[in-house]
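Colleague: pasted the sequence and its predicted model underneath.
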Amino acid sequence: MSSLAWIDFDEAERQRAQRIMALFQERETRDELGLGAIRDSIADHLFPGTSTIQTRLRYMLFIPWLYRALEKREVPEAQLRTEARDTEIRLADALKAGGESNGIIGRDAGPRLQRLPSSVYWAGLGAWGIRVFPGSLDSLFVALRGRGRSRGASSGEDALADTQTPAVWNPALPQMPGDLLESAVFRLTTDEAQFLIDRLIASQPTALLTMLAREGIDADCDYIWTHPHLSAFPSAARRLVQHGEVFSHVMHGAALLYNLALSELRQRDDWIEDYRARLEAWRDELDTGAVRAWSLDDFWNVVEHPAHAV
């Protein structure tokens, strides 16, 4: 019998382990060519702390607000966990009451919600310097339990415990609206938006995301390398985007070839014809000069990221 375990400290590692375990529940293979780690590394360089399931920015404030309020509760750990879950589910109802309809985590699931907003945004909160507590969400509950015990100690012991208990949130965090759990909206206030930009500048100064947020640059484009402000990107980001463009084009051909090979093994003439036609189109569109000039050594150097093993 095999087992899989990890040290419950770093939330990014925890989420990676959960993704690995989720693969065993999939009926089909999603990453046949092993590109996921490369893709995630590029994404974390350009847009650290974000993922495709994060669609509403104000959750970066909702989570700290809710948990900062819970930190004041002197209750057992199990009760604190229950109250935290209930509060996050109530937030979905408050957003609906505020007139929001899209982007609400748990909008339809309600109490049956499996993945809470806190688990979706926890790693990003740390990457942006909004969360200064270094551990996972589970380890926060343990730390808060210890904090509650310290309040029952003598005054001298209480003072010592307070100095030893790490802070959880950035001290510049804006104040929570008083009616947050009654009626909430996704629109940021000016002060909230500036706080998030300041956190990005302080914690991720070289990231493309920081530059786009600081300059207020918005554009509609299908691919990052077709962005109208590409020439204004930071040099490191521009270099990575250029690598990403060639990598994307080349590996699209690899994916087509892989599926052609499977079609031939299945002896499906219709599939074979389709993938051969798509490979021909890919070859005609490929910039072979850019591929020949592509430095793989430089590519691996710029892709390297401490959070991803390629």
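Modeller: Now that the structure is in, tell me what you want to look at.
Colleague: give me the helix or strand of the chain that scores worst on average pLDDT.
Modeller: Within the chain, no helix or strand scores below helix 155-164, which has a mean of 50 by mean pLDDT, DSSP states H and E.
Colleague: right, and the helix or strand after it?
Modeller: helix 190-203 (DSSP states H and E).
Colleague: mean confidence for that next one?
Modeller: For helix 190-203, mean pLDDT rounds to 97.
Colleague: ok, now stretch 122-136?
Modeller: The average pLDDT within stretch 122-136 is 95.
Colleague: what residues of it count as buried?
Modeller: Residues 122-131, 133, 135-136 are the ones in stretch 122-136 that count as buried (16 or more other CB atoms under 10 Å). Where you see a C-beta, it was placed from the backbone N, CA and C, and this is true even at glycine.
Colleague: before we move on, what about stretch 76-90?
Modeller: By 16+ other CB under 10 Å, the buried positions in stretch 76-90 come out as 80, 81, 84, 87, 88, 89, 90.
Colleague: list the residues that contact the fifth one.
Modeller: Which is residue 88. Counting by CB atoms under 8 Å, 6 or more residues apart in numbering, residue 88 makes contact with 66, 106, 113, 116, 117, 118.
Colleague: now do the third one
Modeller: With contacts defined as CB under 8 Å, 6+ apart, the neighbours of residue 84 are 66, 67, 70, 118, 141.
Colleague: which one of these is nearest to residue 270?
Modeller: Relative to residue 270, the closest of the contacts of residue 84 is residue 118; by CB to CB it sits at 47.1 Å.
Colleague: can you count the residues close to that closest one?
Modeller: 22 (other CB atoms under 10 Å).
Colleague: excluding its backbone neighbours, what's nearest it?
Modeller: The shortest distance from residue 118 to any non-neighbouring residue, by CB to CB, 6 or more residues apart in numbering, is to residue 63 (5.1 Å).
Colleague: could you point out which element follows the helix or strand containing that neighbour?
Modeller: Assigned by DSSP H and E, residue 63 belongs to helix 59-70. Going down the chain from helix 59-70, the next helix or strand is helix 77-97, by DSSP H and E.
Colleague: report the angle between that following helix and helix 59-70.
Modeller: Helix 77-97 runs at 140 degrees relative to helix 59-70, counting by axes from the mean of the first three to the mean of the last three CA atoms, to 10 degrees.
Colleague: distance from helix 77-97 to the middle of the chain?
Modeller: 21 Å (CA atoms, centre = their mean, to the nearest Å).
Colleague: still on that earlier bit, could you dump the buried residues of stretch 76-90 to JSON lines with distance to residue 218 and pLDDT?
Modeller: Shown next, in JSON lines, are those (distance: CB to CB, whole Å; pLDDT from 0 to 100):
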{"residue": "80", "distance to residue 218": "40", "pLDDT": "91"}
{"residue": "81", "distance to residue 218": "39", "pLDDT": "93"}
{"residue": "84", "distance to residue 218": "34", "pLDDT": "94"}
{"residue": "87", "distance to residue 218": "33", "pLDDT": "95"}
{"residue": "88", "distance to residue 218": "30", "pLDDT": "96"}
{"residue": "89", "distance to residue 218": "32", "pLDDT": "95"}
{"residue": "90", "distance to residue 218": "32", "pLDDT": "96"}
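Colleague: ok, residue 299 to residue 34 distance?
Modeller: Separation of residue 299 from residue 34 (CB to CB, to the nearest Å): 15 Å.
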